[in-house]
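S.K.: Curious how this folds, go ahead:
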Amino acid sequence: EIRSLAKTFVAQNSGKSDVKIRPNNTGFQAFRSEDRGQNKREATREPTFESLPPRVRYLVMYSIALASYRTGEYAKARILFRDLIQINPESPYADNAAYWIGRSYENEGKLNQAIDAYVRASNLPDGDRRPYAWINIAACFFKLGQYDRGKAVLRELVKRYPNYRMEPVLTGLLAQLAKAEKRK
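M.R.: Numbers count the residues shown, from 1 in each chain. Reported below is the predicted structural model:
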């Protein structure tokens, strides 16, 4: 599904800009339509989805999935993000895709599914979304009334990511939660 949407997107948007993409002997070259190429026919050839470099194709598909999420089409976004993870689980965007799956479930109030998706995002290698996934796991536990589990997740986050930019905020939050418990 994601590939067909991306192909449609590229086909609909080819020619709308004065910047074109053409193949050359080392890959692809961007040029302005008024530039003269060695072969005039080659210079005016519109790119197809298949002619784009794999990274660009993946980014087009990721953008379509994210647009579906942002317009509230959560079920569709989940399908598209899962397709992306399946296409290339080693992509630097795979953890982002897994994270957005979790956010879509959380937005629908499906907190247990959201936790599962965030756990998957936090387990992907070298992901920049891992700390955010941990924060959202804790938030889901808090929303479910499972405060001890939420606090445990935050403590683990602080241990795993001591240099994380949110660490002082998380440590302060944990201290406030401890004070609130003592007052009970």
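S.K.: Counting neighbours, which bits of the one helix or strand residue 153 maps to end up buried?
M.R.: Assigned by DSSP states H and E, residue 153 falls within helix 147-160. By neighbour count on 16 or more other Cβ atoms under 10 Å, the buried set for helix 147-160 is 149-151, 153-154, 157-158. Every C-beta, even on glycine, is put in place using the N, C-alpha and C of the backbone.
S.K.: possible to save those residues as TSV with pLDDT and distance to residue 102?
M.R.: Output for the buried residues of helix 147-160, formatted as TSV (pLDDT from 0 to 100; distance: Cβ to Cβ, whole Å):
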residue	pLDDT	distance to residue 102
149	93	16
150	89	15
151	88	20
153	92	13
154	88	17
157	86	15
158	82	20
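S.K.: Generate CSV for those residues, with distance to residue 90 as supplementary columns.
M.R.: Below are these laid out as CSV (distance: Cβ to Cβ, whole Å):
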residue, distance to residue 90
149, 31
150, 31
151, 34
153, 26
154, 29
157, 25
158, 29
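S.K.: List the contacts of residue 88.
M.R.: For residue 88, the contacting residues are 58, 94, by Cβ atoms under 8 Å, 6 or more residues apart in numbering.
S.K.: Surely residue 92 is in a helix?
M.R.: No - counting by DSSP: H, G, I helix; E, B strand; the rest coil, residue 92 is not part of a helix but coil.
S.K.: can you pull the pLDDT of it?
M.R.: Per-residue confidence (pLDDT) for residue 92: 86.
S.K.: Does the nearest residue to it once chain neighbours are set aside fall in a helix, a strand, or a coil region?
M.R.: Once flanking residues are discounted, residue 92 sits nearest to residue 126: 7.5 Å by Cβ to Cβ, 6 or more residues apart in numbering. Three-state assignment for residue 126 (three-state DSSP): coil.
S.K.: With that, I have no additional questions.
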